[in-house]
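> What would the 3D arrangement of this be:
(one chain, ligands or ions: 1)
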Amino acid sequence: MIQLSSKRYEEIKVVVADVVEDYGLGYPLDPWELAGKLGVDVYRYNPDKVSPWLQPSCGDGGGYTVKISLPVGYAWMVFLKGSDSRERLTFTLAHELGHIILNHSCSNESYVREEQEANFFASYLLMPDIIARILFSPVSPQDVMGFCGVTASCAWEMCRRINRVYKGKYEIKDYEFRIIEAFFIQENLKAKNRLDLREIS
Ligand SMILES: [Zn+2]
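Numbers count the residues shown, from 1 in each chain. Predicted coordinates:
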């Protein structure tokens, strides 16, 4: 079992900040919204009936991603196991989008590393440390479960990751300021929409 380097963890956090900023995402983050904005089609599938025409480029238990070559560039399709709960699918979809955004080769040689990267991407995308710190202090697995809409075991892992960061003195990183800014832009929009609705009614 390899571990990602601390440099790689930081790089993935910067990628998440770019995604949150560029696609105007708010929290709680909806990976279906992100898939739509990326132009990635998401399907539910029956594991017993996988089409031989759609061979997974990146695949694991809960879902897989298919990369289709086009005359110019690529198109991506994500297939999620139809029988899984919405909570499970939330993390699986964020994980599959991680493979796409991190431009994974999905080759056998890089499988273990890319799986870890996609898992970390999904965990950090759904709940960046700084958002957990703003909303919940200290954060509990119940908070993460309720807020992110993930399974209990997933929430427990995410919580463990978040709490590891905030031991001792902490300086907010540049990419965290960008995530905070994106978060408050969306919160302001939500508040404005609520006000507009009140004016209409
Ligand atoms: Zn994967």
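
> Looking only at residue counts, what's the top helix in this protein?
Ranked by residue count under DSSP state H, the longest helix found in the chain is helix 174-200.

> who does that one touch, helix- and strand-wise?
Applying 3 or more C-beta pairs under 8 Å, 6 or more residues apart in numbering; DSSP states H and E, we find helix 174-200 packed against helix 6-22, helix 129-135. From N, CA and C alone the C-beta is placed, and that goes for glycine too.

> State the distance from Glu10 to the ion.
21 Å (C-beta to the ion, to the nearest Å).

> With Leu70 instead?
Distance from Leu70 to the ion, by C-beta to the ion: 23 Å.

> Now tabulate the helices and strands packed on helix 174-200 in TSV and tack on mean pLDDT and mean neighbour count.
Shown next, in TSV, are the helices and strands packed on helix 174-200 (pLDDT from 0 to 100; neighbours: other C-beta atoms under 10 Å):
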stretch	mean pLDDT	mean neighbour count
helix 6-22	97	16
helix 129-135	93	20
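
> Which residues are in contact with the residue nearest to Val139 when sequence neighbours are not counted?
Once flanking residues are discounted, Val139 sits nearest to Ala132: 4.5 Å by C-beta to C-beta, 6 or more residues apart in numbering. By C-beta atoms under 8 Å, 6 or more residues apart in numbering, the contact set of Ala132 is 139, 143-144, 162.

> what do you get for Ile162?
For Ile162, the contact set (C-beta under 8 Å, 6+ apart) comprises 127, 129, 132-133, 139, 144.

> Is it within a helix or a strand, and which one?
Using DSSP states H and E, Ile162 sits within helix 152-165.
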